[in-house]
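**Q** Have a look; sequence and predicted model below, questions after that.
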Amino acid sequence: MLFLGDSITDGWRGSGLAVWNSAFAPLKAANFGISGDGTQHVIWRLRHGELDGIQPKLVVLMIGTNNAGGPAADIALGIKAILADIREFSPKSRVLLLGIFPRSERPDALRAKVADVNKLIEPFDDGRKVFYLDIGAKFLTADQTLTKDIMPDGLHPNAAGYQIWADAILPTVKHLMLDDPTLLAPTFRAPSSSPRVAKLQASIATGKVGAGVKALEKLAEDKDGATARSASAALATVAAWKDGLDTEIGSLRAEGDVFAAAELAGGMVTSYTGSESVAKGYHDLLLEMKKDPAFAAGSEYDKLEAMPAEARKDPRFAKLVDAFVKKYPTTVYAGRAKGLVRR
């Protein structure tokens, strides 16, 4: 895995080194943070070979505070371009996209700008390759003060700040580092105040959605009103997540990307183990899509896309792409394959 960002990420080599060595070094993490970088610098790095020859399982991305002098929409577009570049140059990588950290001791225009950017980038979370997490509140006191005990200059964490950062993302990092790329699960903004519901939320977040939903449905009828309400809220989160994935499966099929749609359906079969009727529905859908000729094309394209950027410079790769396009000229994958060739 690697961390990609600016001086705040670069600081893992300094104030955060002890925390890094404890939390992330065992995960074979690399630090690609560079002091002073904005979104435009990360884009330049990615497009000039920074990921050539490597395929990190996970990229932790936090960037944009050095662009705070510009419009929030432009910062968000820069982050969107970075995500697209990671997808191009390291297609198998997942991305943990962090909300930009709060800055300034007290709320001000800069902090408001950061909050605006975070609202714009949160929808970049697609539940498959990009996962958004905003941990900014963990750095603030109840009255929204960013204390010098955590960020002495109102921007860069000290050792205590890096510990907060590590503690806040490590469970998600470990989850996203799992080997099963088809694992699908909703995320919850915060653990429930009900210990029983919080335990189920944690289980669901590891992909045990079907069993977790069944247990939550029972708790939604609990005699304790607070527990019942919390369980109902958790069920609503899962339902919204499921509806979003169902919509995406339909959209992908309509666009001709049957392979990606099938991957999602397969992931949902696994996630809904323990809820046989739901799992069967997705399984039947998966079998139906596998009969579509576009599925075979997508499967072959997936292998081309998985080849690292360095390999795409080889003239033999262009020949593979040409052969693929001739074989599947009318599929959505033909145009995408042409875009893989770096000329």
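**A** Yep, that arrived.

**Q** In contact with residue 89, which residues?
**A** Contact partners of residue 89, counting by Cβ atoms under 8 Å, 6 or more residues apart in numbering, are 46, 51, 52, 308, 309. Every C-beta, even on glycine, is put in place using the N, C-alpha and C of the backbone.

**Q** What of residue 160?
**A** Neighbouring residues of residue 160 by Cβ under 8 Å, 6+ apart: 149, 150.

**Q** Next, it: phi, psi?
**A** Dihedral angles of residue 160 (phi, psi; degrees, to the nearest 10) stand at phi -60, psi -40.

**Q** chain center to the helix or strand bottoming out on mean pLDDT in the chain: distance?
**A** Across the helices and strands of the chain, mean pLDDT, DSSP states H and E gives its lowest value to helix 309-312, namely a mean of 76. In terms of Cα atoms, centre = their mean, to the nearest Å, the centre of helix 309-312 is found 24 Å from the chain centre.

**Q** For the next helix or strand after it, name the packing helices and strands.
**A** Using DSSP states H and E, the next helix or strand after helix 309-312 towards the C-terminus is helix 315-327. Counting contacts by 3 or more Cβ pairs under 8 Å, 6 or more residues apart in numbering; DSSP states H and E, helix 315-327 packs against helix 293-305, helix 332-340.

**Q** The same query, at a cut-off of 10 Å, please.
**A** helix 293-305, helix 309-312, helix 332-340 (3 or more Cβ pairs under 10 Å, 6 or more residues apart in numbering; DSSP states H and E).

**Q** helix/strand/coil for the residue at the greatest distance from the centre of the chain?
**A** Distance to the chain centre peaks in the chain at residue 223, reaching 36.9 Å (criterion: Cα atoms, centre = their mean). Using DSSP: H, G, I helix; E, B strand; the rest coil, the structure places residue 223 in coil.

**Q** Can you show me the CA trace of stretch 105-125 as PDB?
**A** Provided in PDB are the C-alpha atoms of stretch 105-125 (Å, rounded to 0.1, in the frame of the first residue of the first chain):
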ATOM      1  CA  GLU A 105      -7.400  26.900  15.200                       C
ATOM      2  CA  ARG A 106     -10.900  28.200  14.900                       C
ATOM      3  CA  PRO A 107     -13.500  28.000  12.100                       C
ATOM      4  CA  ASP A 108     -12.600  30.400   9.300                       C
ATOM      5  CA  ALA A 109     -12.900  30.800   5.500                       C
ATOM      6  CA  LEU A 110     -10.200  28.200   4.900                       C
ATOM      7  CA  ARG A 111     -11.800  25.600   7.000                       C
ATOM      8  CA  ALA A 112     -15.100  26.300   5.300                       C
ATOM      9  CA  LYS A 113     -13.400  25.900   1.900                       C
ATOM     10  CA  VAL A 114     -12.100  22.500   3.000                       C
ATOM     11  CA  ALA A 115     -15.600  21.500   4.200                       C
ATOM     12  CA  ASP A 116     -17.000  22.500   0.800                       C
ATOM     13  CA  VAL A 117     -14.400  20.400  -1.000                       C
ATOM     14  CA  ASN A 118     -15.100  17.400   1.200                       C
ATOM     15  CA  LYS A 119     -18.800  17.600   0.300                       C
ATOM     16  CA  LEU A 120     -18.000  17.600  -3.400                       C
ATOM     17  CA  ILE A 121     -15.600  14.600  -3.200                       C
ATOM     18  CA  GLU A 122     -17.600  12.400  -0.900                       C
ATOM     19  CA  PRO A 123     -19.700  11.100  -3.900                       C
ATOM     20  CA  PHE A 124     -16.500   9.900  -5.600                       C
ATOM     21  CA  ASP A 125     -16.900   6.800  -3.300                       C
END
